[in-house]
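Sharing a model that was predicted from the sequence below.
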Amino acid sequence: AYERDSKWELALEAFLGIESGSSFYDDAISHIGYIYLETDRVEEAISILERRMTSGRPRPQLFNYLASLYMAQGQGDLALSTVGNGLELYPENTDLLYQKALILERVGRHQEAAQEMKTLLSFDDKHAEALNFLAYDLAVKNRNLDEALHYAERAIALNPAPHIMDTLGWVYYRMGRLIEALKIIEEASRELSEDAVIFEHLGEIHLSLGNLEQARTAFERALQLAPDNDKLREKLETLADSL
């Protein structure tokens with residue numbers, strides 16, 4: 001109740017009073033870490049989680065939580081070693097496998113990230129985010145597009161979320177199925193109206209269809225959402241010369 005009402009110090013006192021032998025201890029550690037984050041005490045959040053890692057068998061979510069904090073601090077190596085330690089205890093935990101894959105992707109180890117997603121799918125073949133990751137990875141590389149389509153169709157059947165719709169649309173685009181790509185990415189852009197990547201994709205599809213004004217509108221929206229994207233700016237400048 002204290003946490004819900006943002007009475008952070010009272011909540012902190014309550015959670016710090018839970019002893020290490022309690023079955024609620026790991027839950028308490030999670031809440032303490034959350035309170036520290038909400039009160040801008042990131043180092044203390046990391047410290048209490050690090051101490052928990054030194055004994056016993058912490059729950060999988062604590063490894064995930066600590067790894068996320070390390071990534072927020074730009075400490076990719078520590079994040080990877082943390083999820084690695086978690087996977088030694090819980091080798092089939094799909095949350096840890098997914099986190100590891102995302103970290104590998106963030107630090108530029110794309111091939112290893114894709115392999116980790118495949119490992120995850122060997123334990124849970126209905127993990128929509130892993131399927132989506134693999135589909136988008138292949139679409140970006142413009143490789144094995146039939147396989148990418150298979151992943152994307154499985155993902156969207158499990159979770160028709162707009163970011164997965166965007167992936168399927170981008171696979172269609174790579175396959176030259178432009179009308180299908182346009183339809184689904186237009187729908188995704190209505191649902192995720194603050195996503196620069198989706199609007200950039202929409203612009204590329206319109207450009208391929210010769211819809212130059214619509215392409216410019218989409219690229220302008222993408223640039224508005226991602227003003228530091230120099231490649232987008234160049235696309236708009238090139239397009240302006242064609243209009």
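Alright, I've got the coordinates. Residues are numbered from 1 along each chain as shown.

Looking at Asp146 now. What's its pLDDT?
At Asp146, the model reports a pLDDT of 98.

Quick one: list the elements packing against the host helix or strand of it.
Here Asp146 sits within helix 145-158, counting by DSSP states H and E. Counting contacts by 3 or more CB pairs under 8 Å, 6 or more residues apart in numbering; DSSP states H and E, helix 145-158 packs against helix 128-141, helix 162-174. In short, each C-beta sits where N, CA and C put it, glycine included.

Give me the helices and strands touching the longest one, please.
Spelled out, that is helix 128-141. helix 94-106, helix 110-123, helix 145-158, helix 162-174.

Rebuild those helices as JSON lines, extending it with distance to Ile35.
Below are the helices and strands packed on helix 128-141 laid out as JSON lines (distance: least, CB to CB, whole Å):
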{"stretch": "helix 94-106", "distance to Ile35": "22"}
{"stretch": "helix 110-123", "distance to Ile35": "31"}
{"stretch": "helix 145-158", "distance to Ile35": "34"}
{"stretch": "helix 162-174", "distance to Ile35": "30"}
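
now those as TSV including distance to Leu134 and mean neighbour count?
Formatted as TSV, these follow (distance: least, CB to CB, whole Å; neighbours: other CB atoms under 10 Å):
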stretch	distance to Leu134	mean neighbour count
helix 94-106	10	21
helix 110-123	5	17
helix 145-158	5	18
helix 162-174	10	24
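
Mind telling me what element Glu92 is part of?
Counting by DSSP H and E, Glu92 is found in no helix or strand.

Pull the contacting residues for the residue nearest to it when sequence neighbours are not counted.
Once flanking residues are discounted, Glu92 sits nearest to Phe123: 5.0 Å by CB to CB, 6 or more residues apart in numbering. By CB atoms under 8 Å, 6 or more residues apart in numbering, the contact list for Phe123 reads Glu92, Thr94, Leu97.

The second one - nearest residue in space that isn't next to it in sequence?
Looking back up the chat, that one is Thr94. Per CB to CB, 6+ apart, closest to Thr94 is Asp124, 4.9 Å.

same check, this time on the last one
In space, not counting the residues next to it along the chain, Leu97 is nearest to Leu120; the distance is 4.1 Å by CB to CB, 6+ apart.

May I have the residues that are in contact with the one you found?
Thr94, Leu97, Tyr98, Ala101, His127, Ala130.

Give me the neighbour count for the closest residue in space to His110 that isn't next to it in sequence.
Leaving aside its sequence neighbours, His110 sits nearest to Asp137 (CB to CB, 6+ apart; 7.0 Å). By other CB atoms under 10 Å, the residues close to Asp137 number 20.

any idea how far Ala155 is from Asp137?
12 Å (CB to CB, to the nearest Å).

Likewise for Ile48?
36 Å.

Next: Glu88.
Where Ala155 is concerned, Glu88 sits at a distance of 29 Å (CB to CB).

Geometric centre of this protein: which residue is closest?
Leu102 (6.7 Å; CA atoms, centre = their mean).

Which pLDDT value goes with that residue?
96.

any idea how far the nearest residue to it once chain neighbours are set aside lies from Ala130?
Spatially, and ignoring its direct neighbours in sequence, Leu102 is nearest to Ala113 (7.3 Å; CB to CB, 6+ apart). According to CB to CB, Ala113 and Ala130 sit 10 Å apart.

can you list residues touching both of those two?
In contact with both Ala113 and Ala130: Ala101, using CB under 8 Å, 6+ apart.

thinking again about what came up before, JSON lines for the helices and strands packed on helix 145-158, including distance to Ser193 and mean pLDDT?
What follows is these, written out as JSON lines (distance: least, CB to CB, whole Å; pLDDT from 0 to 100):
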{"stretch": "helix 128-141", "distance to Ser193": "20", "mean pLDDT": "98"}
{"stretch": "helix 162-174", "distance to Ser193": "9", "mean pLDDT": "98"}
